[in-house]
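[1] Make a model of this:
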Amino acid sequence: MSAPTRRSVLNGLALASAATILPLSALTSMPAFAAETADSPVPPLRQMRGMWIASVLNINWPSKPGLTVEAQQAEYLAWLDLARARRLNSVFVQIRPTADAFWPSPHEPWSEYLTGVQGQAPGYDPLAFLVEETHRRGLAFHAWFNPYRVSMQPDPAKLHPEHPGRKNPDWIVSYGGKLYYNPGIPAVRAFVQDAMMDAVTGYEIDGLHFDDYFYPVNTTAFDDAAAYARYGAGFPDLASWRRDNVDLLVREMQQRVRQAKPEVAWGISPSGIWRNSSTDPLGSDTAGSQSYDNLHADTRGWVRKGWLDYIAPQIYWYIGQSNADYAKLIPWWSGVAAGTDVQLWIGQAAYKAGAAGQPAQWFQPDELSRHLTLNLDNPQVGGDIWYNSGDVREDRLGSVSTAVTDHYIRPALAPLLPRLASGRPPRRPVLAAAHKVAGGAELHIVAPGRDVPFQFAVFRFDRQAGSGDFADARNLVAVIPAGRDVRWVDPEGARGANYHVTAVDRANRQSEPSPGRRVR
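    This is a model prediction of the structure:
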């Protein structure tokens, strides 16, 4: 059993309960799915479809510090509406951007990106609101943390007086106009884990997510000489010691997450190049910045050793780019993940498509769609995460909507982690009725027993369904938030259509399909 979760009163906003009946209008913002042709690939039942919502420097949410509670909440709900409109199933939300917190943390101060003042309470519990509203819409919530970045400015005196960096000045390294926790101090590594695990154990998040920032540079200009002298005995050089420090963080986070909340997905989105083949024969055919050497992040090693549930490399280059070709990096990463239980999702550069100053290739409206087409030739790829939500919304050149139209032909469940596949699936729901109404076909779905699942997956057939018809999404018409008693209208439903429904839990395990119901 997982730890109990915090709840807070969210300014009178009623939170969904297990017995809530889903309004018939709950999915009206969803666009119609494109018609499939004989040439269309078989749509997968499971696929990561996510986007990053960045809070550092108020990049995405909140749009600026000091908004009212109501304005902050309205902005976030608009991002969820966008995720649904783009047919996504997951959001990755930055809740600890600079050694601060978007929840009442006992370890670190409130984030300045909420109120404009570090340590000032925003008047509600943002993380509780984020998780509840994300789940209410049937989306998965991945909590995005930056482990070591402390501040986007270089002066420790500007931190909150109670900030751990003020109380432990030896923990702080100033470099490149920013402040960082020193990854080489064991007490720091334990502390940052405690700070992040507080959110994991206190809230019903679906994933714990790191981005690509570990050590910021591979030079002694990042002054950790004292820590190296104290803790680096036995290592051949500074780089090896630093790399071991990052390895320890990754391995220990896996252990702590699995012990506390085994159904939480744990993963990292590193920069897209581990090492170049000119440096290491195991590396990729690239000539770019190497995470192994420059950030002390052995991203390939983490996958091969099974220290992650997933890796989401940021392949932020176009097809054919001379120093880092998307078409070469995808098969390379697929080979890294092959034979492991580590899922491979791809970070997509929506922020480059049609953006000023980018090369001409990023002004081809179908560049991102061609990325997803290339992914189809690499079955190890289990989906994509888009950076960032602002660019997903702006959709310059129609590049994101083109990819959605071309590739998100049907809904998709989020991926099921191999280590959780053997767990007990939810009980199959009861499809109590299916009848024709003015707006389509109305289904009445009931969750049996005491446990209410996370989602219902609705399948529609024009014939009798067979057992193999539920292995892909060709007949999947909707994935909707579940409840004890749900009524939902399929706007394309007609008399004679045959429906089945499966239940899906928060770990993405799926029940057996319900007995079929034909629309009367």
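
[2] what comes into contact with stretch 315-332?
    272-273, 284-288, 313, 333, 346-349, 352, 359, 361-362, 367, 370-371, 374-375, 378, 381, 387 (CB atoms under 8 Å, 6 or more residues apart in numbering). For glycine as for every other residue, the C-beta is placed from the backbone atoms N, C-alpha and C.

[3] So among those residues, which ones count as buried?
    In the contacts of stretch 315-332, burial by neighbour count holds for 272-273, 284, 286, 288, 313, 333, 346-349, 352, 362, 367, 370-371, 374-375, 378, 381, 387, counting by 16 or more other CB atoms under 10 Å.

[4] where do the strands sit along the stretch 301-450 of the chain?
    With DSSP state E, counting those that start in this stretch as the criterion, the stretch 301-450 of the chain has strands at 310-311, 343-349, 381-387, 430-437, 440-446.

[5] Can you give me the distance of residue 58 to residue 98?
    Relative to residue 98, residue 58 is positioned 12 Å away (CB to CB, to the nearest Å).

[6] typo on my end, it should be residue 228
    Relative to residue 98, and taking CB to CB, residue 228 is found at 25 Å.

[7] between the two, who's got more neighbours?
    Comparing residue 228 with residue 98 by other CB atoms under 10 Å, the one with more neighbours is residue 98, at 24 against 19.

[8] which element is that one on?
    Element membership for residue 98 (DSSP states H and E) is empty, with no helix or strand holding it.

[9] What is the longest helix of the chain by residue count?
    If you go by DSSP state H, the chain has its longest helix at helix 238-260.

[10] Pull out the buried residues from it.
    Quick answer for helix 238-260 (16+ other CB under 10 Å): 238, 241-247, 249-250, 253-254, 256-257.

[11] Could you identify the helix or strand that succeeds that helix?
    Counting by DSSP H and E, what follows helix 238-260 is strand 265-268.

[12] Direction included, what does that following strand pair up with?
    Using DSSP bridges, the strands paired with strand 265-268 are strand 207-210 (parallel), strand 310-311 (parallel).

[13] how about the strands in the stretch 1-150 of the chain?
    Assigned by DSSP E, counting those that start in this stretch, the strands in the stretch 1-150 of the chain fall at 48-53, 90-96, 140-145, 149-151.

[14] In TSV, list the ones you listed along with mean neighbour count, distance to residue 433 and mean pLDDT.
    Converted to TSV, these look like this (neighbours: other CB atoms under 10 Å; distance: least, CB to CB, whole Å; pLDDT from 0 to 100):
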stretch	mean neighbour count	distance to residue 433	mean pLDDT
strand 48-53	26	31	98
strand 90-96	25	31	98
strand 140-145	24	29	98
strand 149-151	22	53	97
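
[15] Flag the shaky bits of the stretch 101-250 of the chain, pLDDT-wise.
    Across the stretch 101-250 of the chain, nothing is flagged by pLDDT under 70.

[16] Apply 90 and report the result again.
    Low-confidence regions of the stretch 101-250 of the chain, defined by pLDDT under 90, span residues 212-213.

[17] Run through the helices of the stretch 251-400 of the chain in chain order.
    For the stretch 251-400 of the chain, applying DSSP state H, counting those that start in this stretch gives helices covering 291-294, 299-304, 326-337, 367-375, 389-394, 399-407.

[18] Give me the contact list for the first one.
    Under the contact criterion CB under 8 Å, 6+ apart, helix 291-294 has outside partners 212, 217-218, 239, 243, 270-271, 273-275, 279-280, 297-300.

[19] Now that we have those residues, which of them are buried?
    Using 16+ other CB under 10 Å, the buried ones in those are 212, 218, 243, 270-271, 273-275, 297-300.

[20] In CSV: those residues, plus distance to residue 110.
    Listed next are these as CSV, based on distance: CB to CB, whole Å:
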residue, distance to residue 110
212, 25
218, 33
243, 33
270, 29
271, 30
273, 36
274, 36
275, 39
297, 29
298, 34
299, 32
300, 37
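
[21] Touching, residue 43 and residue 410? I think so.
    Yes - look at residue 43 against residue 410 with CB atoms under 8 Å: they come within range, at 4.0 Å.

[22] neighbour-wise, which of the two wins?
    Counted by other CB under 10 Å, residue 43 and residue 410 do not tie: residue 410 has more neighbours, with 22 against 19.

[23] Just give the nearest non-adjacent residue to residue 462, would you?
    Nearest residue to residue 462 in three dimensions, chain neighbours excluded: residue 497, at 6.5 Å (CB to CB, 6 or more residues apart in numbering).

[24] any idea of the pLDDT on that neighbour?
    Note on residue 497: pLDDT of 96.

[25] neighbours of the nearest residue to residue 446 once chain neighbours are set aside, just the number please.
    Spatial nearest neighbour of residue 446, chain neighbours left out: residue 430 (4.4 Å); criterion: CB to CB, 6+ apart. Using other CB under 10 Å, residue 430 has 17 other residues around it.

[26] Residue 430 and residue 469, how far apart?
    Distance from residue 430 to residue 469, by CB to CB: 20 Å.

[27] again, but for residue 76
    Residue 76 is 37 Å from residue 469, by CB to CB.

[28] neighbour-wise, which of these two wins?
    residue 76 (21 against 15).

[29] Touching, the more buried one and residue 129? I think so.
    Yes - between residue 76 and residue 129 there is a contact under CB under 8 Å: 7.3 Å.

[30] list residues touching both of those two?
    Counting by CB under 8 Å, 6+ apart, no residue touches both residue 76 and residue 129.

[31] how does the protein divide up, domain by domain?
    Following automatic domain parsing, the chain resolves into domains at 48-147+185-420, 430-518.

[32] any chance of these in a markdown table, with distance to residue 167 too?
    Conversion of those to a markdown table gives the following (distance: least, CB to CB, whole Å):
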| stretch | distance to residue 167 |
| --- | --- |
| domain 48-147+185-420 | 11 |
| domain 430-518 | 37 |
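
[33] Please name whichever of these is nearest to residue 161.
    domain 48-147+185-420 (8.0 Å; CB to CB).

[34] Between the two ends of the closest one, how far is it?
    Domain 48-147+185-420 has an end-to-end distance of 16 Å (CA to CA, to the nearest Å).

[35] try stretch 281-288
    End-to-end for stretch 281-288, by CA to CA: 15 Å.

[36] centroid residue for the protein?
    What sits nearest the mean C-alpha location of the chain, by CA atoms, centre = their mean, is residue 92, with 3.7 Å.

[37] show me the residues around the residue nearest to residue 211 when sequence neighbours are not counted that make contact.
    Distances taken as CB to CB, 6+ apart place residue 269 nearest to residue 211, at 5.4 Å, with adjacent residues excluded. When contacts are counted by CB under 8 Å, 6+ apart, residue 269 touches 209-212, 311-314, 347, 385.

[38] do the same with residue 235
    241, 244.

[39] For it, what are phi and psi?
    phi -100, psi 140 (degrees, to the nearest 10).

[40] three-state assignment of residue 200?
    helix (DSSP: H, G, I helix; E, B strand; the rest coil).

[41] actually residue 477, not the one I typed
    strand.

[42] Going forward, the N-terminal residue is numbered 18.
    From this message on, residue numbering opens at 18, which makes the last subject residue 494.
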